[in-house]
Structure formats: C-alpha cells, structure tokens
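> Compute the structure for the input listed below.
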Amino acid sequence: CCIAGAKIGQTGVTIATVGDWLWVLAFWALLLLARALVVTLAFLITTCAPPPAPALLAWGQVRGPVALTLALGVALSPPAGISPDSADLFLFYVGGVVALGLLVNATTLGLVADLTG
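A predicted model of the protein is given here:
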C-alpha cells in the first residue's frame, strides 16, 4: 500500500488533470451502483438476510488491497501495447477509487447502518 501511494503521488501530480479527477468520481459512483445491483440481486435470489444487509454490504465495500496490487503491477511493468503514462493513469484511477472508498464509504458506514435500521 505504501509503494502504491508513493507511485501514485509520484505520477498522479504530473499527469492527472481535472478531468481525471472527475473520472475517479465517476468510476467510484459506477462501482458503487454496480455493487449495489449485484448485492441486491444476490439477496433477492437467496433471500437469506434482512433488508438492511444488502445496503450495508454494498456501501461497506472491500478497501482495495488486491486492486491496488494489480494496478501497481501494471504501473511498474506495463504490458506490451500500454504506454507508461496510461499505466500510471490506471494506477491513479484505482488509487483514487480506493481512497474515496476509505474517505467516504468507511467514514459513513455507521450512518448508513443507522439509516437502514
């Protein structure tokens, strides 16, 4: 995680534009919606938990160590056909989504739990 943070800090400042920051927000929102849809469908099919459980699972999300590790691998050794700048931008997007998950989802999970009963 520290290596990913150093790499994101090293490259994110030099290549990220305002549009890239907006893409991070868009990716975070789309992933949240996709997670909510999948979790809700799974609970509708299995009906094994009370209604608040899908909302808490969708909002709670995994914090991203696997995603950061994979993105770091791409950034440190870009596959053939992927430019180093594109690989760094990919790491920036993944790191941004993980950071938003920690800053927004993790800090408001208690509020979501209270709101959903």
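> what ranges do the helices span in this protein?
Assigned by DSSP state H, the chain shows helices spanning 2-15, 18-46, 52-60, 65-76, 84-100, 106-116.
> Serialize those to a markdown table and add fields for mean neighbour count.
Just so you know, the C-beta spots here come from the backbone N, C-alpha and C atoms, and that holds for glycine as well. Formatted as a markdown table, these follow (neighbours: other CB atoms under 10 Å):
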| stretch | mean neighbour count |
| --- | --- |
| helix 2-15 | 14 |
| helix 18-46 | 13 |
| helix 52-60 | 17 |
| helix 65-76 | 17 |
| helix 84-100 | 20 |
| helix 106-116 | 12 |
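> Now tell me which of the ones you listed the model trusts least on average.
In terms of average pLDDT, helix 2-15 trails the rest of the helices of the chain, at a mean of 60.
> list the contacts for Val94?
By CB atoms under 8 Å, 6 or more residues apart in numbering, Val94 lies in contact with Gly64, Ala67, Leu68, Leu70, Ala71.
> which non-adjacent residue is nearest the last one?
It stands for Ala71. Leaving aside its chain neighbours, Ala71 sits nearest to Val94 (3.8 Å; criterion: CB to CB, 6 or more residues apart in numbering).
> what does the first one give?
In space, not counting the residues next to it along the chain, Gly64 is nearest to Val98; the distance is 3.4 Å by CB to CB, 6+ apart.
> can I assume that neighbour is in contact with Leu68?
Yes. Contact criterion CB atoms under 8 Å: Val98 and Leu68 qualify, at 5.9 Å.
> picking that back up, possible to save the contacts of Val94 as JSON lines with distance to Pro79?
What follows is these, written out as JSON lines (distance: CB to CB, whole Å):
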{"residue": "Gly64", "distance to Pro79": "21"}
{"residue": "Ala67", "distance to Pro79": "17"}
{"residue": "Leu68", "distance to Pro79": "17"}
{"residue": "Leu70", "distance to Pro79": "12"}
{"residue": "Ala71", "distance to Pro79": "12"}
